[in-house]
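Asker: turn this into a structure:
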Amino acid sequence: QVQLVESGGGLVQAGDSLRLSCAASGLTFTFSRYAMGWFRQAPGKEREFVAAISSRYGSTEYADSVKSRITISRDDGKNTVYLQMNSLKPEDTAVYYCAATPFFARRVSDEYDFWGQGTQVTVSS
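Answerer: Next comes the predicted model:
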């Protein structure tokens, strides 16, 4: 059974930093063969792409709105992907989800096969 478990969310103040983690287990192939993505969904809004990292060479993709403040990385030895978020803003408040898809980093949520349950990030002003 595939499990993606996010952690690291919480309540922070504007300007603070957070590092989200997503630990994967039960994937059909080894973790290193999967591209991993982070998405977020704010109340009353649609889920949106945040960042993604490909398998193997670890090429990255970022949403324009966050790319100067956010870094995605992976540790294949730990089956974990990370999202380092700096200079957080109130508009970053959302539930953050990680997702897995084979090989190539993708920006479209429908192209991901597996999803975590999400972790709440709340940024106060």
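Asker: where does the most centrally placed residue in the chain sit: helix, strand or coil?
Answerer: By Cα atoms, centre = their mean, the chain has its centre lying nearest to residue 38, at 2.4 Å. With DSSP: H, G, I helix; E, B strand; the rest coil as the basis, residue 38 sits in strand.
Asker: for the closest residue in space to it that isn't next to it in sequence, what are its contacts?
Answerer: Sequence neighbours aside, residue 50 is the residue nearest to residue 38 in space, at 4.3 Å (criterion: Cβ to Cβ, 6 or more residues apart in numbering). Any C-beta I mention is one placed from the backbone N, CA and C, and that applies to glycine too. Contact analysis of residue 50 by Cβ atoms under 8 Å, 6 or more residues apart in numbering lists 37, 38, 39, 40, 62, 63, 66, 70, 83, 96.
Asker: secondary structure element for residue 50?
Answerer: Using DSSP states H and E, residue 50 sits in strand 48-53.
Asker: immediately after that strand, which helix or strand?
Answerer: Following strand 48-53 toward the C-terminus (DSSP H and E): strand 60-62.
Asker: picking up where we left off before, what lines up beside the strand holding residue 50 in the sheet?
Answerer: Applying DSSP bridges to the sheet, strand 48-53 is found paired with strand 34-41 (antiparallel), strand 60-62 (antiparallel).
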